[in-house]
Structures are given as structure tokens and as C-alpha cells.
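K.L.:
How does the following fold in three dimensions:
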Amino acid sequence: MSLDAVLSRIDTDLNAATERLMDLLRIRSISTDPDYKAECDKAADWLVADLASFGVKAEKRATPGHPMVYGTFGPEGADVPHVLFYGHYDVQPVDPIELWTRDPFDPAIEETDNGPVIRGRGTSDDKGQLMTFVEACRAWAAETGSVPCRVTFFFEGEEESGSPSLIPYMKAHAEELKADLALICDTGLFNPTTPGIITMLRGNVGEELTVTAASKDLHSGMFGGVAMNPIRVLSKILAGLHDETGRVTVPDFYDGVPDLPEELAKQWEGLGFSAEEFLGGVGLSDPAGEQAFTPLEMIWSRPTCDVNGIWGGYTGAGFKTVIPSQAHAKLSFRLVGQQDPIAIRENFRKWVTAQLPADCTVEFKGYSNSPASQMDISGTAFEAARQALSDEWPNEAAFIGCGGSIPIAGYFKSILDMNAMLIGYGNDDDQIHSPNEKYNVFSFQHGIRSWARVLDALAKA
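P.N.:
Below is the predicted model of the structure:
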């Protein structure tokens, strides 16, 4: 069987695969710092050469910023699935450098209590993850001369600096980028032995509001009791955002929020998530969201409203008896399902404005405005991939959610009309964006093997 031979080759070639990853990790491709522009070019050139070494038609594509890497490989035909694999070769800055235990760009394998890890900047985010897929394709090519699916490789070099070139490039090259399915590796495992496929990502609406009362700050001895205090007004509004059960009170907020399918609820229950351990790690104990739902549902499948900042009046050293003219707050709404971010923003602003007393006005400033992403898992591809992951890892894979947002998944849907399958092998303790970033050797090896299985499963599905 070809798959067995491919898996065997992956295991045999693990040392060489690790050395190739080390070579890529030594390139200082920090995208946000102009001093490293040449290093970003070098990383793109390295990937083009590496892909070409096993038969990929690869090239570097110029952008106004750092280049894209584009490549195609595998059989063509209506009966062969076409997948696009996305990753990024740029990395975060290494500051504060004094907290690293070694040179961030001199990677090495280190022994830890949880097994060997590869230590260095970009090991987990995203070079190590990216190379799991590349190495899986290399093993398939070595054993069979090709890969089971038609593959388009799409690597960018600006993910860690806001991806300014990404959307224009995708729109300009939409036809050549379109595929049956996008694969994204920039994610992680549910836990070190349990893989997951992210099928829902929350959207986000960001709002800032300023409540103004008097035309200037006032002396509380002269005006206290007679002048309206905007902090009092704002505090009352913010306190009313949730009812006693944790539900958001903004009108029509829950329009478009779907019920969690029973099958997904069973998968999540089987993950053995401990809210006590999750919250205990940050000094908390009680889930504070909607009380009718489990903690995992609160994080993955329910919408939220949070106050991210609040200020007004005198906050410096000492004391100042002042009634401020203005009070300010920043809020974010995490969205799920078909919630409309524009409607959420409008309803929130109307709700706030209706609560203002006489002599008070409010100004709003909008920030993020993105809907949730929910993958269509009704076809055979997602279940085939889940079974393939389950065959590789100690615990069965599950379709899981993500409390945050992964913009590229939304871009694939909105620009290319493609579903995205998010599979990654990082761990929560990989310290991405922080000093001493690492990637478990176990994750690297089994990530390669997993992608080999997934490509096989997608071709058969």
C-alpha cells in the first residue's frame, strides 16, 4: 500500500527533514522590521528551491512588500481533488533577546520533561508547521512520483506584520488560487495527544464610545450632586450589557446564532475539557459566560461582549476632586454563526444612545468589523480528514471551534469562495511570539505523517 510506504519513508527521513527545517529556521525572516527585508527574500528563495527539489513548479512572486511563494504539484483532472495549502514563512521579532536561552536563529533540539523539542524563532509559528506539509508531499513524491491530490502551495511573508499585500494579491490572482479546499496549518492541537479540525471561528466587532456631559471638568465640591457625571452614566450602561444569567442584552444580539449540532456537542464532551484547570491557570475558578452553556460552548460557539478598557477623570498619582467632562470605554463583540457585524454595531449604538440622560451626548468610533467563519462539514472531505487524523494520534480527532479569529480563513471564503480546513500541530506551551519558542519533535513527526494520511484520505473521499 502506498500510504504505508510513505509513512515508513517519513519515519526514516525524520533526521533529514529536521535538518531542512533547521536550515529554514536560521533565516531571520522578521517581516515587520525593514532591516530584515533581504532575509525575507532569502526565506522565499529557500522555499522555492526546496519545493523544486522534489518536482514542484515553484516561483517567487513579487508584491509591494515581501514576496509570495507559489507552486503547483500533482495530478490534474476532474476526478482528482485540488487543495491549496497556505502557510507563512515570516516570523515575529525576538525581543526581549535577553530572555532567550539561546540564539533565536541558531535552532537546536533540546530535551525537556515532555520529550525533545526544536527551540528557535519560527519553530511553531509557522515554519515548523509549514514544513510538516512540505515534508509529507516530499515523501509522497519519493515513493510514488507525485501526490494523491493536486496541490497548490501558497506561502506569504507578511502574516506577522498585518498581511498588507495578501488581499490585493488574492484578488489579482483569484483564478489560479482557486481550489476545491484550502488547508491551513497555522493552528494547534486540542491537547498534546488530541488533534482537531477547526470548523468555526468567531468574528469580531470593536467599538469605542465617549460619553460627554459638562463642557469642561468640574470641581466636585462646587458641582457634586447637581452636575451629571459621565462616568456614572457610562458605568450604568456597561453594567447593563449582561443580565443575571450572562446573556448580552443588546436588542437582537442573538439573531443568527445557531444551535450547536448534537454530534458536535458529543465530540466536545468527549474531549474531557476541564474548566477548573483552564481557569485555574490564570487564577480564576467560575465560568462567567451564559450559564445555560458548557465552558467549551462559551469559548467556541457562543457570542460575547467584553469591556476591554474604561477610563475618565483623574487617574494620576495622588487625588483630584474632579467631575470629568468625559468618560470612555472600548468594547469587543465576538460573533458566531450568521450574526451580522454591521447590525450588531448599529443596534449597540442605538441601545446606548437611548439610555443617555439629559445633558449627555455620546460619540462612537468603530474598529474591527468581521463576521464569523463556519465551515461546511456536510460533505465527505471533513469527516475523511478527521478519521485520517484519528488513525495517527493517540486520541480521536474532533471538529472543534476557535474563540478567536484567523483572518486568512475568512479571506479564502470571501475572495475565493473556498472552504478552509484548519489543521495544526502546535501546543499551547509553544511560546509563539515569546522568547524560547519551541515545537515538539513529536508534533513535527506526527504532523508530517498526519498530512500524508489526510492527502490520501481526501483523494479517496
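K.L.:
For the rest of this, base every contact and every neighbour count on C-alpha atoms.
P.N.:
Will do.
K.L.:
what residues does stretch 118-129 touch?
P.N.:
Identification of contacts with stretch 118-129 by CA atoms under 8 Å, 6 or more residues apart in numbering yields 21, 24-25, 87-92, 94, 102-110, 185-186, 424-426, 430, 432-433, 435-441, 444, 447.
K.L.:
tell me how far the ends of it are from each other?
P.N.:
12 Å (CA to CA, to the nearest Å).
K.L.:
what about that stretch, average pLDDT?
P.N.:
Along stretch 118-129, the predicted local confidence has a mean pLDDT of 98.
K.L.:
Same question for stretch 250-262.
P.N.:
pLDDT averaged over stretch 250-262 gives 97.
K.L.:
CA-only coordinates of that stretch, as CSV, when you get a sec.
P.N.:
Presented in CSV, the C-alpha positions along stretch 250-262 are these (Å, rounded to 0.1, in the frame of the first residue of the first chain):
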residue,chain,number,x,y,z
VAL,A,250,-28.3,44.5,23.3
PRO,A,251,-31.5,44.1,21.2
ASP,A,252,-31.5,41.4,18.5
PHE,A,253,-27.9,40.4,19.5
TYR,A,254,-28.6,36.7,19.1
ASP,A,255,-30.1,36.9,15.6
GLY,A,256,-28.2,34.4,13.5
VAL,A,257,-26.7,32.5,16.4
PRO,A,258,-27.2,28.7,15.6
ASP,A,259,-27.8,25.9,17.9
LEU,A,260,-24.8,23.5,18.3
PRO,A,261,-25.4,20.3,16.4
GLU,A,262,-25.8,17.3,18.6
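K.L.:
what comes up buried for it?
P.N.:
Neighbour counts over stretch 250-262 (16 or more other CA atoms under 10 Å) mark 250, 253-254, 257 as buried.
K.L.:
Stretch 32-44 too?
P.N.:
For stretch 32-44, burial by neighbour count (16+ other CA under 10 Å) applies to 32, 37-44.
K.L.:
so where do the strands sit in the stretch 351-461 of the chain?
P.N.:
361-370, 373-374, 398-402, 420-422, 438-440 (DSSP state E, counting those that start in this stretch).
K.L.:
which residues sit against the second one?
P.N.:
In other words, strand 373-374. 199-203, 336-337, 409-410.
K.L.:
of the strands of the stretch 351-461 of the chain, which approaches residue 456 most closely?
P.N.:
Among the strands of the stretch 351-461 of the chain, strand 420-422 comes nearest to residue 456, with 15.1 Å by CA to CA.
K.L.:
neighbouring contacts of that closest one?
P.N.:
181-187, 197-199, 375, 382, 409, 412-413.
K.L.:
quick one, domains of this protein?
P.N.:
2-201+372-460, 203-257+303-370 (automatic domain parsing).
K.L.:
still on that earlier bit, kindly reformat the contacts of strand 373-374 as CSV and extend each row with pLDDT, neighbour count and distance to residue 266.
P.N.:
Compiled in CSV, those are given as follows (pLDDT from 0 to 100; neighbours: other CA atoms under 10 Å; distance: CA to CA, whole Å):
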residue, pLDDT, neighbour count, distance to residue 266
199, 94, 22, 15
200, 93, 24, 16
201, 93, 27, 19
202, 94, 27, 20
203, 92, 28, 24
336, 96, 27, 19
337, 94, 23, 19
409, 92, 23, 25
410, 89, 23, 26
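K.L.:
Spatially central residue for this structure, please.
P.N.:
In the chain, the centroid-proximal residue (CA atoms, centre = their mean) is residue 406; its distance is 3.7 Å.
K.L.:
any idea how far that residue lies from residue 289?
P.N.:
From residue 406 to residue 289 the distance is 22 Å (CA to CA).
K.L.:
quick one on the thing from earlier: now, which of the buried residues of stretch 32-44 lie within helices?
P.N.:
37-44 (DSSP state H).
K.L.:
per-residue confidence for residue 278?
P.N.:
93.
K.L.:
what's the neighbour count on it?
P.N.:
By other CA atoms under 10 Å, 14 other residues sit near residue 278.
K.L.:
Give the helix, strand or coil label for it.
P.N.:
helix (DSSP: H, G, I helix; E, B strand; the rest coil).
K.L.:
what's the neighbour count on residue 263?
P.N.:
10.
K.L.:
Centre of the chain to the helix or strand encompassing it, how far?
P.N.:
Using DSSP states H and E, the element containing residue 263 is helix 262-269. Chain-centre distance of helix 262-269: 22 Å, with CA atoms, centre = their mean, to the nearest Å.
K.L.:
Could you list every helix and strand in contact with it?
P.N.:
strand 398-402 (3 or more CA pairs under 8 Å, 6 or more residues apart in numbering; DSSP states H and E).
K.L.:
How about residues contacting the strand it packs on?
P.N.:
195-202, 264, 267-268, 271, 299-301, 386.
K.L.:
can we see that at 6 Å?
P.N.:
Applying CA atoms under 6 Å, 6 or more residues apart in numbering, the contact partners of strand 398-402 are 196-201, 267, 300.
K.L.:
Redo the ones in helices among the buried residues of stretch 32-44 as CSV? Include pLDDT and distance to residue 15.
P.N.:
Shown next, in CSV, are those (pLDDT from 0 to 100; distance: CA to CA, whole Å):
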residue, pLDDT, distance to residue 15
37, 98, 30
38, 98, 28
39, 98, 25
40, 98, 25
41, 98, 26
42, 98, 23
43, 98, 21
44, 98, 23
